[in-house]
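Novice: Give me a 3D structure for the following:
(one chain, ligands or ions: 1)
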Amino acid sequence: MKILSVNAGSSSLKFTLIELPSREVLASGLFEKIGLADSMYTIKFNGQKIKKEANLVDHSVAVSKLIDELLENNIVASLNEIEGVGHRILHGGSEFTQSLILDEDVLERISKYNELGPLHNPANIMGVKAFMKVLPDVKNVGVFDTTFHQTMDEKEFLYPVPYDWYEKYSVRKYGFHGTSHRFINKTISEYLGRNDLKVISCHIGNGGSLCAINGGKVVDTTMGFTPLAGIMMGTRSGDIDPSIIPFVMKKTGMTAEEVVNELNKKSGLLGISGISSDSRDVEMAAEEGNEKAILAQEMYAQKIANYIAMYNNLLNGADVITLTAGVGENSKTMRKMIVDRIQSLGVKIDAAKNDFRGEFRLISADDSKIPVYVVPTNEELMIALDTMDLIS
Ligand code: AMP
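Specialist: From the prediction side, this is the model:
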C-alpha cells in the first residue's frame, strides 16, 4: 500500500511517499515558495533528484505537479496506487484525541484551533483542501502534534492560574512534537518487547521537548500552551519568568508580540551564544574556546538534564531514556553533556558506544541504572502508519 505523508506550510509542502508495510520510502520532496514569483520543487526518488522551477500559484497547483511527476517518473503507475494521504496538523485543541479521517466538517472543527496555532493550522488545512481537490477519491487523514498529549491529567495540563482562564479561554498545556514522541515510544516499546514502559523521551532538534510516558500514556511534557515553553531550544527561550515580558516592554518600547517574537526567534542557543541557533556552529565555537558558546551549551544541557531528573521523579523511576531529532541523533558532544548531568540518577554514558550519529543504538554504560538509547525519529512514517490503520 502506498501512502503519502504530507506536511503543508503556508508557502511550502513537504511530502514522503511510503510503501507499507515494508516502510520503504519511494519518493520524497519539497515544494517551496508556493504563491511567490520564484516557486520551485525538488523530488528525490530511486537515487535520482529532480529540481525544477514552476509557477506554483497555490497549494492545489503544487499537488497537481506532484501527481504529474509521480506518474511521469513511473514512481506510481496509476493514481489508484495512492491509497491514502496523511497530513500533519499542528493543533487539535482538547477536542481531537487521536488521528482521524478528514472531511469538510472535520476541517471546519479543526479551524476552530487556528487561533492556538496561527502559523501552522491554516496552512495545514490548506494542504488538505488541495489534496481533496486534486485527488477527490483518496482518503485524507489528520495526524495532530497535540493528540498524544491529550492523555495528560488535569493536574499536569493545568497552569496554576485562575481556573476560569482554562474554562473561558482554553488556557492549558497542550504540548507538541506528539507524533515524534509517540513514534519513539512505539519503537522503543517494540524493541524491548514491553507495553508498560516508563519512558523519558527527549526530542532535541532546533525545537525541543521532553515527554514523560507511562505505558503509552503521556504523564507530562515540556512544551505548553505554545511551543515556547520548556527546555532551552535553538532560538526559543523555553521557560522564563513571565514578568520579564512587561519589564522588557517598558524598557524597550516593544509590544508584547515583539517581545514574544524575540523569545521565539532570538533566544535559546542563538540568544546566549550570539553565534547561531545551529548546535553545530555553537559546538565548533565552543571547541575553539568561545566563552558565550560554552555557556550556551552548558545551559542547554543542564535544562534538559533538570527535566529528565524531574520526569524520573514523576514516573517514580524511568525504565528508559531516549534521545532523538537533529541534536539527539547527531551530536555525541551534547549527548555526553546531558548524560553527565544526570549522574545523580545513576545514569552513565559509554564514550565508545556514543561515538556515532544517526542510528538506533544504546549509548549508556552496562552499569547505568537507566539505559539511554538514541532512537531516530520518523514523523512521516508515523503519519503514514496512522493513515494505513484508519483507511484499512
Ligand atoms: P531538527 O530540528 O530535528 O532538524 O534538528 C536541527 C538541529 O540538529 C540543528 O541545531 C543542527 O545543528 C543539529 N544537528 C544536525 N546534525 C548535527 C551534527 N552532526 N552535530 C550536531 N548537531 C547537529
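Novice: State the distance from the closest residue to Gln48 other than its chain neighbours to the ligand.
Specialist: Distances taken as C-beta to C-beta, 6 or more residues apart in numbering put Asn73 closest to Gln48, at 7.9 Å, once the chain neighbours are dropped. The C-beta positions use only the backbone N, C-alpha and C, and glycine is treated the same way. Taking C-beta to the nearest ligand atom, to the nearest Å as the measure, Asn73 falls 27 Å from the ligand.
Novice: Was I right to think Asn73 contacts Lys49?
Specialist: No. Using C-beta atoms under 8 Å, Asn73 is not in contact with Lys49, being 11.2 Å away.
Novice: and for the two, which residues touch both?
Specialist: Ile43 (C-beta atoms under 8 Å, 6 or more residues apart in numbering).
Novice: one step back: Provide the count of other residues in contact range of the residue nearest to Gln48.
Specialist: 14 (other C-beta atoms under 10 Å).
Novice: same deal with the one 3 residues further on?
Specialist: When neighbours are defined as other C-beta under 10 Å, Val76 has 17 of them.
Novice: got the contact list for the closest residue in space to it that isn't next to it in sequence?
Specialist: Leaving aside its chain neighbours, Val76 sits nearest to Leu70 (4.9 Å; criterion: C-beta to C-beta, 6+ apart). Applying C-beta under 8 Å, 6+ apart to Leu70 gives the contacts Leu17, Ala27, Val76, Ile82.
Novice: Kindly report the same for Met284.
Specialist: Applying C-beta under 8 Å, 6+ apart, no residues qualify as near Met284.
Novice: Would you state the helices of the chain in chain order?
Specialist: Remark: helices assigned in the chain by DSSP state H are 59-72, 104-110, 121-134, 154-157, 163-169, 178-192, 244-252, 256-265, 268-273, 279-287, 291-314, 325-330, 332-340, 379-391.
Novice: right, and Asp355 touches Lys332 too?
Specialist: Yes. Here Asp355 reaches Lys332: they are 6.0 Å apart, a contact under C-beta under 8 Å.
Novice: Give me the more crowded residue out of those two.
Specialist: Applying other C-beta under 10 Å to Asp355 and Lys332 shows that Lys332 carries more neighbours, namely 17 against 11.
Novice: my read: that one touches Asn354, true?
Specialist: Yes. Lys332 is within contact range of Asn354, at 5.0 Å (criterion: C-beta under 8 Å).
Novice: if we can go back for a sec, Ser201: which of the helices of the chain is closest?
Specialist: helix 178-192 (4.7 Å; C-beta to C-beta).
Novice: of all the contacts of Leu70, which two lie farthest apart?
Specialist: Every pair of the contacts of Leu70 checked by C-beta to C-beta; the farthest is Ala27 and Ile82, at 11.1 Å.
Novice: So between those two, which is more surrounded?
Specialist: Ala27 (22 against 19).
Novice: Next up, the contacts around the residue nearest to the more buried one when sequence neighbours are not counted.
Specialist: Excluding its sequence neighbours, the residue lying closest to Ala27 (C-beta to C-beta, 6+ apart) is Phe45, at 3.8 Å. Residues near Phe45 by C-beta under 8 Å, 6+ apart: Leu26, Ala27, Ser28, Asn73, Ile75.
Novice: again, only this time at 10 Å
Specialist: Shown in contact with Phe45 (C-beta atoms under 10 Å, 6 or more residues apart in numbering): Leu17, Val25, Leu26, Ala27, Ser28, Gly29, Glu69, Leu70, Asn73, Asn74, Ile75.
Novice: circling back: which among the contacts of Leu70 are in contact with the ligand?
Specialist: Among the contacts of Leu70, no residue lies close to the ligand (C-beta under 6 Å from any ligand atom).
Novice: Next step: those restricted to strands.
Specialist: Leu17, Ala27, Ile82 (DSSP state E).
Novice: residues in contact with Val218?
Specialist: Applying C-beta under 10 Å, 6+ apart, the residues near Val218 are 147-153, 156-157, 175, 178, 181-182, 185, 201, 211-212.
Novice: out of everything not next to it in sequence, what's closest to whatever residue of the stretch 101-250 of the chain ends up closest to the ligand?
Specialist: For the stretch 101-250 of the chain and the ligand, the shortest gap (C-beta to the nearest ligand atom) falls at Gly205, measuring 2.3 Å. Using C-beta to C-beta, 6+ apart and skipping residues adjacent in sequence, the residue nearest Gly205 is Ala325, 3.3 Å away.
Novice: What about that neighbour, how many residues nearby?
Specialist: 21.
Novice: Between Ala27 and Ile82, which contacts overlap?
Specialist: Lys2, Leu4, Leu17, Leu70, Val76.
Novice: who does the third one bridge with?
Specialist: So that's Leu17. Leu4, Ala27 (DSSP bridges).
Novice: so it makes contact with Arg23?
Specialist: No. In this structure Leu17 lies outside contact range of Arg23 using C-beta atoms under 10 Å: 11.9 Å.
Novice: of these two, who's got more company?
Specialist: Leu17 (26 against 11).
Novice: Give me the distance between the more buried one and Ala27.
Specialist: Taking C-beta to C-beta, to the nearest Å as the measure, Leu17 falls 4 Å from Ala27.
Novice: joint contacts of those two?
Specialist: With C-beta under 10 Å, 6+ apart, Leu17 and Ala27 have common neighbours Lys2, Leu4, Ile43, Phe45, Leu66, Leu70, Ile75, Val76.
Novice: Need the pLDDT of the last one.
Specialist: If I follow you right, that is Val76. Per-residue confidence (pLDDT) for Val76: 96.
Novice: got any residues that touch both of Lys332 and Asn354?
Specialist: By C-beta under 10 Å, 6+ apart, the residues touching both Lys332 and Asn354 are Ile363, Val374.
Novice: Tell me how many other residues crowd the nearest residue to Pro376 once chain neighbours are set aside.
Specialist: Once flanking residues are discounted, Pro376 sits nearest to Glu329: 5.2 Å by C-beta to C-beta, 6+ apart. By the criterion of other C-beta under 10 Å, Glu329 has 20 neighbours.
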